[in-house]
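> show me how the following folds:
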Amino acid sequence: MGILTLDQLRRRAEHNEGELSTLEEVALHQLGLEGVDQLHRWCPRLKILLLQGNLLADLGPIGRLRELEYLNVALNNLESLGDLGRCEALRKVDLTANFVTNLTSLASLQDLPNLEEVYLTGNPCTDYEGYREWLVCALPQITTLDGNRITKAERLRALQRMDAVSRAVHRDQKAAIENRRRQKENYEQEALMENFEKEKKTDDNDDDDDDDDKFWHENSVHSPEERVFMQREMDRRRQKAERKSSNKSEELFNPQRKPPRLFSRDGRPLNVNQARVEFDLKEDLELGAFVLEVHTYRYLDPSQLKADVEPWYVRVAVKGRVLQLVLLEEVRTSLCTAQRSQTTGHLVITMPKMEEPRFQITPAAHDANSDNNKDNNSADHEKSDSPKSRNFLEVDPTTKKSLSRSDLANITSSSSERSPRRRTQVNSGRALRSERRLQGNLYLRGGGSSGPPERPNSPDFVEDPEVPPLE
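Residues are numbered from 1 along each chain as shown. From the prediction side, this is the model:
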């Protein structure tokens, strides 16, 4: 309800691509309009104007549309016609179901040479005595009144009774205007206040099924004020129904979920993944920090992400859904950083630990150490595989400077002098190994004997011929 706006007019002018200056036909019915003040400026070339089913109390600037040919203002609140003397091209006027009591106001149409049809069915003026005869005489150019063709005989009879019909029309019109004045006073004093109280009561009470039945079954006064009230009541009920339907749709498509439990009863944080997103929580030993990578969507709006780092847990909200993870060590919240990958869209949060790392390893040193370790391992492996590999004694570098050549040369001599027994054991062991090696070579080569030497029998050995030989 209200005054016609430019946006409403453009939406109704889609058939003309929204162009108003060249618009010739527009339908503005059932919009609850109470005024069309700027219509003659926005659409000066209108030929067909449909305004039925609104709340117009007067035609306003419609009379300035010089090219208008058809005007339909049925089911409005018009009590008089107004000035349509400038609508020179007007051919048809439809005033059905209005509240026209001032019948003599239609005399302004007698200057329109192209007017042919007039419809006044459902107006109070149709109950006047001699109503049709008066209009036939007042508008000699029309050919159809209320859908009925005007014949020449009817027009002649109307002209003969013009004086008596005119007095009867003026008398009934005066009485109707007086009744309308009293109706306005009664409505302002009683009906208006009662309707507003009913509307307020209905707004406060959600269960208004009884009020609905009463509203639709009670008798109402046929008046412009009652029509305005009914329109407002219908608008209010329609808005209420739309709110209910929207709430139901929101409950259907966006159900209210129970908020997740983020802390235990004793205040300890809990691990929660309400967002159901994939993530990776790693510990970077080189940086001495925890690194959390949340696999968020690539095209997710950054405004839909919220991150909060506390000393013992980290929380990330993705479109209002929470991902909370407990940290094993305390972190420095003031040094934490959050970055978004431009390629994958993942959210990376770096959280430095409270304690410094025990071993500061730079990337270059780490690579050098790893290469040295690989070389040492490969050299040790080769030495272990070679049969002539030797292990040398390493001298402590702190004492190497204090040792002279004579001291190093006396190591073997002093050791041999101190352990003659060990030297004898070493020599005997070497002789035993050489003897065994010689016997093995003779056995393998077959030199002078068919096998290894037999061990001599013990003194207690008794040869029994009954015992079979061992095979």
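
> use CA for all of it now, contacts and neighbours both
Noted.

> in the chain, which spans are helices?
6-11, 39-42, 131-138, 152-160, 162-186, 192-204, 209-217, 224-253, 363-385, 397-400, 405-418, 420-445 (DSSP state H).

> give the contact list for the most centrally placed residue in the chain.
Central residue of the chain (C-alpha atoms, centre = their mean): K319, 8.7 Å from the mean position. Applying C-alpha atoms under 8 Å, 6 or more residues apart in numbering to K319 gives the contacts Q304, L305.

> recalculate using a threshold of 10 Å.
Taking C-alpha atoms under 10 Å, 6 or more residues apart in numbering as the criterion, K319 is in contact with A275, L300, D301, P302, S303, Q304, L305, K306.

> ok, now how distant is it from L325?
17 Å (C-alpha to C-alpha, to the nearest Å).

> and T5, by the same measure?
55 Å.

> likewise for V118?
In this view, V118 and L325 are 80 Å apart by C-alpha to C-alpha.

> buried among the contacts of K319? Need that as a selection in ChimeraX.
Here the buried members of the contacts of K319 are turned into a ChimeraX selection, burial being counted by 16 or more other C-alpha atoms under 10 Å:
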select :275
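
> got the contacts of K319 as JSON lines, with pLDDT columns?
Converted to JSON lines, those look like this (pLDDT from 0 to 100):
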{"residue": "A275", "pLDDT": "86"}
{"residue": "L300", "pLDDT": "87"}
{"residue": "D301", "pLDDT": "87"}
{"residue": "P302", "pLDDT": "87"}
{"residue": "S303", "pLDDT": "88"}
{"residue": "Q304", "pLDDT": "88"}
{"residue": "L305", "pLDDT": "90"}
{"residue": "K306", "pLDDT": "91"}
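
> okay, V118 and L325: which has more neighbours?
Neighbours of V118 and L325, each counted by other C-alpha atoms under 10 Å, are more numerous for V118; the result is 23 against 20.

> please report how far that one lies from I142.
Computed with C-alpha to C-alpha, the distance linking V118 and I142 is 7 Å.

> V294 now?
According to C-alpha to C-alpha, V294 and I142 sit 81 Å apart.

> so if I had to pick from the two, which one is more boxed in?
Neighbour tally, V294 and I142, criterion other C-alpha under 10 Å: the higher count belongs to I142, 23 against 20.

> so what's the more buried one up against?
By C-alpha under 10 Å, 6+ apart, the neighbours of I142 are 91-92, 109-110, 112-118, 135-136, 149-150.

> and the gap between it and E69?
Taking C-alpha to C-alpha, one finds I142 at 14 Å from E69.

> what do you get for G320?
Counting by C-alpha to C-alpha, the separation of G320 from E69 is 59 Å.

> over to G18?
Between G18 and E69 the distance is 21 Å, computed by C-alpha to C-alpha.

> more neighbours, those two?
Counted by other C-alpha under 10 Å, G18 and E69 do not tie: E69 has more neighbours, with 19 against 15.

> ok, A27 - how many residues close by?
Neighbours of A27 using other C-alpha under 10 Å come to 15.

> let me know whether it touches K47 as I believe.
No. Counting by C-alpha atoms under 10 Å, no contact exists between A27 and K47, whose distance comes to 11.4 Å.

> contact partners for the closest residue to L145 other than its chain neighbours?
Ranked by C-alpha to C-alpha, 6 or more residues apart in numbering and with sequence neighbours excluded, the top spatial neighbour of L145 is V118, at 5.2 Å. By C-alpha under 10 Å, 6+ apart, V118 lies in contact with 91-96, 106, 109, 135, 139, 142-148.

> please redo it, this time with the cut-off set to 7 Å
Shown in contact with V118 (C-alpha atoms under 7 Å, 6 or more residues apart in numbering): K92, V93, D94, T144, L145, D146.

> which strand residues bridge it?
V93, L145 (DSSP bridges).

> roughly how far apart are it and N16?
Counting by C-alpha to C-alpha, the gap from V118 to N16 is 29 Å.

> same question for A175.
Here the criterion is C-alpha to C-alpha. By it, A175 lies 47 Å from N16.

> same deal with V331?
66 Å.

> the more surrounded of these two?
Set V331 next to N16 and count neighbours by other C-alpha under 10 Å: V331 wins out with 24 against 15.

> quick one: contacts for that one?
Neighbour list for V331: P311, W312, M351, P352, K353, M354 [criterion: C-alpha under 7 Å, 6+ apart].

> what about 6 Å?
Counting by C-alpha atoms under 6 Å, 6 or more residues apart in numbering, V331 touches P311, P352, K353, M354.

> tell me the pLDDT at F215?
Looking at F215, its pLDDT reads 69.

> tally of neighbours for the nearest residue in space to Y119 that is not next to it in sequence?
Excluding its sequence neighbours, the residue lying closest to Y119 (C-alpha to C-alpha, 6+ apart) is D146, at 4.4 Å. Neighbours of D146 under the rule other C-alpha under 10 Å: 16.

> from now on call the first residue 20
Taking 20 as the first residue, the last one we looked at is D165.

> check the gap between D165 and P159 for me.
For D165, the distance to P159 equals 15 Å [C-alpha to C-alpha].
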